[in-house]
Every structure is written in C-alpha cells, then in structure tokens.
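> Provided below for reference: sequence and predicted model.
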Amino acid sequence: MTDYILAIDQGTTSTRAIVFDHSGSIVSTGQLEHEQIFPKAGWVEHNPKEIWDNTREVIGQALSKANITRHNIKAVGITNQRETAVVWDKNTGEPVYNAIVWQDTRTQEIVDRLSADGGGDRFKDVVGLPLSTYFAGTKIVWILENVEGARERAEAGDLLFGTTDSWVTWNLTGGVDGGVHITDVTNASRTLFLNLETLEWDDDILAVFNVPRSMLPEVKSSSEVYGLVHDSSLLREVPVAGILGDQQAATFGQAAFDKGEAKNTYGTGNFLIFNTGTDIVKSENGLLTTIGYKLGDGETHYALEGSIAVTGSLIQWLRDNLGIISSAPEVEALADTVDDNGGAYFVPAFSGLFAPHWRSDARGALVGLTRYVNKGHIARAAIEAIAFQTREVLDAVNADSGVPLTELKVDGGASANDRLMQFQADILDVPVVRPVVAETTALGAAYAAGLAVGFWSTLDELRANWQEDKRWTPSMDDAERERLLRNWKKAVTKTLDWVDEDTQ
C-alpha cells in the first residue's frame, strides 16, 4: 500500500485538499471556492461554516480522485490565510460573526486609538509588527466591541478565537466533541499578541487590547502531532501534524530553509519572505519581523516579510469590476496587444498600501492617462504593478539584511504569467526562478506534517525534491529600468492622503 500526505490549503478565495507523494509531486486535488462578502466599502468577510463545509468536501474529492482511503494518508498538514479572524462559541461551535478577512480595513479607528499612546510601532519591538488593520488582533477587538453579547461571553470563557488554521483544526479534531484549540508559531506571530522571543502570548499587550487570554489558542510548533482527526471524518484517526501560515508554508515548500534564502508568492496579494535564520532582525525599512518555522523542539527560525495587499486580486478586479477580461489568464494576451504601458501606471491601493509604506490612508490610482491609452495598456499597467510593488519590498529586504538577494524563487498562481515573470526579473535586475511544483504552499504544509510522522526524515531529503522549471534572466537596459521605477514612485505619491474622516 502506497502512503501519502494530505495538505489542506485554506486560502483567501478557496479551500483545497492536495495529496502528495514522497517525491513531493501532486497526486490529486479537490478545490472549492467560497463566497467573498463585502458588506461595506473596505469590509471583507467569509462565512466560517462555509469554509468548514468546503474543507470536508474537498477532502472527499481529493481522496476519490486518487482512489485512496484514510489508510493511505500518514498525516494531515494545514496551511491557511493567516490574519483572517474567526471567533466562535466553544459550546455550540457556532461563529459569533463572519470571519473578518486580512484585507479588511474596518478596524482603522481601533488602530488609531491604540496608536495614540506610543505610535504605530508601539508593540513592534515585542511582536515584530506595526499596528495595522491587517493583523488579527484588532479584528478580535472589533468583534468584542460590536457584536451584541460577545464581550460578556468572551469574559465568561465561552468564546474562542483563531485564524482559519485553528478553526479547521478544532473542527477536524472533533469540534465541541473534544476538538483541540491550537495554532502554530507562524500564525500566532500575525496576531499582534505573540512575544517573538518567548513564543508566548503577551499578557501586557492583551490587557491593552482588552482581549481575554482564554479566547486564544495554545501555541504549538509548526511540525508535531496536535491530535487525531475525529471519527466523523473520512480521515478519522489520521494525525494532524503540521501547520504553517500560507506564506511561511510556501517558503518551506520552496526548500528555503536557510538564512539568506527567499521566495515571493503571487496570490491574492504578494508576500516576499526572507529567511533570517535564528536571528530576530528588526526592520528599519517597513518590513515585518515574523516567524518562519519551528520544527518540534528545534530552534525557531525567523524571517523578514514584505506583504503587498493587492496583486492577483487586481487581475480579478479587471475581470469582475471592469469586465475587460473574462478570465484571469486573458490578461497576458491583452497586455501583449501593446508594446509598453503607454505611460499608464496602476497603483492598486484598494486596502491602503502595505509594505514598505504602511499607509492606510492610500487608495488606488490609475495615472498617466492620455487618449492614447487603451485597455491593453491598462492590462499591462496592472501586470507591471505587481512587479513594481515587489521591487519596493526587495529593496527594503536588501537594506535590512545587508545581503543583496542574488535570485528570487517564485510561486503562486500569477507565477504562471510569463510576461509578468520576465518583467519581474527585469525590474529587479536578478534572475527569477519557478519550481516544477508551483503549489508550494500546500507542499510546505505537507512537508511539515510528514516530518512530524517520519514520512520524510531530514530537510536535505526535502531539498532534493525541489526542481527548477523555468528561469527568467534580466534583459532590460539600466536607464529604462530607472525611468520606469522613477515614474512608479511618482505614481505611488498620488495615492496618499486620500482618506479623510468623512470618506466612505
């Protein structure tokens, strides 16, 4: 009987279950999208019950397509959209409100309130993060302050909080019937509550936020057996043995285990992670200090991260809001109808600007327009915006680390766009490399789970699985690169100071 690892990838737009073999190759996949809920401008929500229902269904899809059963699965790994916050009743299993998604900006007033005493970097020395609507902590505060009865129930010990890894794990291991309430260090490091040195929740910060510690999950490593799947599941009695937040999982799946290695994931947003080894490097250039991974009782590995809110979702916006393409892959063909951007630059600050700017007052701008510009130029400007934002983040990484990156490993859906990858290499002036298995997020979760149960033995074994698929080398003239970057930086300034008190 052949053994496999199953990874659950609970992402921003869909949930997937992927079965991997020992070589790290995909055997089968199940996938379902879930609804994107936009109650107001700047608000983004998901239905946690829909996510859990979809999780169960995609597990069945993946097992069926591979023609295998739970007996073939040695362990389950989980990866997830990291800062999205779920609060639920531990006695009933019912969410008290929809999941508030990482892109959501409704908590800006809470951020401003907390920043009034000590500024936006008030807790950064402890948690590695600035105060921002991006992170889970302010989302919990919003639920406690705005959902009727939530504060009282939380203080009575009846409510639990988790990012979606915690929600899925709790349900997978039994829910109200003994489900384990845990998270791993990578997800915990995205809440604003985790002390990066002690790997424990910081009681002083919790007191400032007025969040009861009883709501929070137990913090575990990224690779250990947390519990067994409940009897009601198709995977009953299979160990749940690995959890990594999606960007850390992608880094792990890219085999970027060592200090100085990096990857960039092109998904709903873009996320560049640079491994700083066992050193906690505090950014002076707008990056986040986060946890890369921790395997069992091993040392904690840290990272610098540049988070960009809107990249792949910009292409979806061209499709769904403007209708200039009918499917995301069409954007490359539309961009190919023109020779350049026609002077147009698109800064997609739909949720403000994340790294390295951290400007919540920014909003999107399409600038440099003339009568000459057509939809092909707009498509090209959208593709180029993804690469420009990555260049800004990489410049910050180089400044903070003091070790210039020599090549960039890429993954995620938009890494399939050859035009984007070539432009990325050109604007970075370093080679861009894509692996054979582009589903590195799910693969990283599978690796973490497989290491915990002995399916894989060493990191060297995982490194041997990594194979290069395609490489793009820079071919742009230096003067042209500098001209494009100068105009991009000018375009970014047009997005700032847009949000006033009465802005809707």
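Now that the structure is in, tell me what you want to look at.

> looking at this, residue 260 is in a strand?
No - in this structure, residue 260 is coil, not part of a strand, as judged by DSSP: H, G, I helix; E, B strand; the rest coil.

> give me the nearest residue to it, chain neighbours excluded.
residue 403 (5.5 Å; Cβ to Cβ, 6 or more residues apart in numbering). Backbone N, C-alpha and C define where each C-beta goes, glycine included.

> check whether the one you found sits in a helix, strand or coil.
coil.

> any figure for the gap between it and residue 320?
40 Å (Cβ to Cβ, to the nearest Å).

> likewise for residue 138?
28 Å.

> neighbour count winner among these two?
residue 138 (27 against 12; other Cβ atoms under 10 Å).

> now do the contacts for the nearest residue to residue 11 once chain neighbours are set aside.
Among residues not flanking residue 11 along the chain, residue 81 sits closest, at 5.7 Å (Cβ to Cβ, 6+ apart). By Cβ atoms under 8 Å, 6 or more residues apart in numbering, residue 81 lies in contact with 10-12, 101-102, 163-164, 246.

> cutoff 6 Å now
Contacts for residue 81 (Cβ atoms under 6 Å, 6 or more residues apart in numbering) come out as 11-12, 164.

> who wins for neighbours among the residues you listed?
The contacts of residue 81, ranked by neighbours (other Cβ under 10 Å): first place residue 164, 32 neighbours.

> mind checking the SS state of the spatially closest residue to residue 52 that is not a sequence neighbour?
Excluding its sequence neighbours, the residue lying closest to residue 52 (Cβ to Cβ, 6+ apart) is residue 171, at 5.0 Å. Three-state call for residue 171 (three-state DSSP): helix.

> burial of residue 171, as a residue count?
Using other Cβ under 10 Å: residue 171 sits among 23 other residues.

> and it, how close does it get to residue 255?
31 Å.

> residue 10 now?
Taking Cβ to Cβ, one finds residue 10 at 23 Å from residue 255.

> same question, residue 120
Taking Cβ to Cβ, one finds residue 120 at 35 Å from residue 255.

> equivalent analysis for residue 113, please.
Residue 113 is 43 Å from residue 255, by Cβ to Cβ.

> who has more neighbours, the two?
More crowded of residue 113 and residue 255, by other Cβ under 10 Å: residue 255, with 23 against 13.

> excluding chain neighbours, what is closest to residue 25?
Spatial nearest neighbour of residue 25, excluding adjacent residues (Cβ to Cβ, 6+ apart): residue 437 at 6.7 Å.

> chain center to the host helix or strand of residue 470: distance?
Here residue 470 is covered by strand 468-472, with elements defined by DSSP states H and E. Distance, stretch centre to chain centre, for strand 468-472: 23 Å (Cα atoms, centre = their mean, to the nearest Å).

> buried set for it?
residue 472 (16 or more other Cβ atoms under 10 Å).

> repeat for stretch 470-487
472, 474, 476, 481, 484, 487.

> quick one: the first one and residue 430 touch, right?
No - checked against Cβ atoms under 6 Å, the pair residue 472 and residue 430 is beyond contact range at 9.9 Å.

> ok, which stretches of the stretch 1-150 of the chain are strands?
4-10, 14-20, 26-33, 45-46, 73-80, 85-89, 99-100 (DSSP state E, counting those that start in this stretch).

> and if you look at the stretch 251-400 of the chain?
Under DSSP E, counting those that start in this stretch, the stretch 251-400 of the chain gives strands at 262-266, 270-277, 288-294, 300-308, 345-347, 365-367.

> and the residue nearest to residue 102 when sequence neighbours are not counted, what does it touch?
Spatial nearest neighbour of residue 102, excluding adjacent residues (Cβ to Cβ, 6+ apart): residue 83 at 3.8 Å. With contact set as Cβ under 6 Å, 6+ apart, residue 83 has these partners: 102, 134-136, 190.

> separation between residue 83 and residue 100?
9 Å.

> ok, now residue 170?
18 Å.

> hmm, residue 409 is touching residue 261, no?
No - between residue 409 and residue 261 there is no contact under Cβ under 6 Å: 7.8 Å.

> of these two, which one has the most company?
Shown here are residue 409 and residue 261; by other Cβ under 10 Å, residue 409 has more neighbours (25 against 19).

> where does pLDDT dip in this protein?
In the predicted model of the chain, residues 501-504 satisfy pLDDT under 70.

> looking at it, which residue reaches furthest from the middle?
What lies farthest from the middle of the chain is residue 371; by Cα atoms, centre = their mean that is 38.0 Å.
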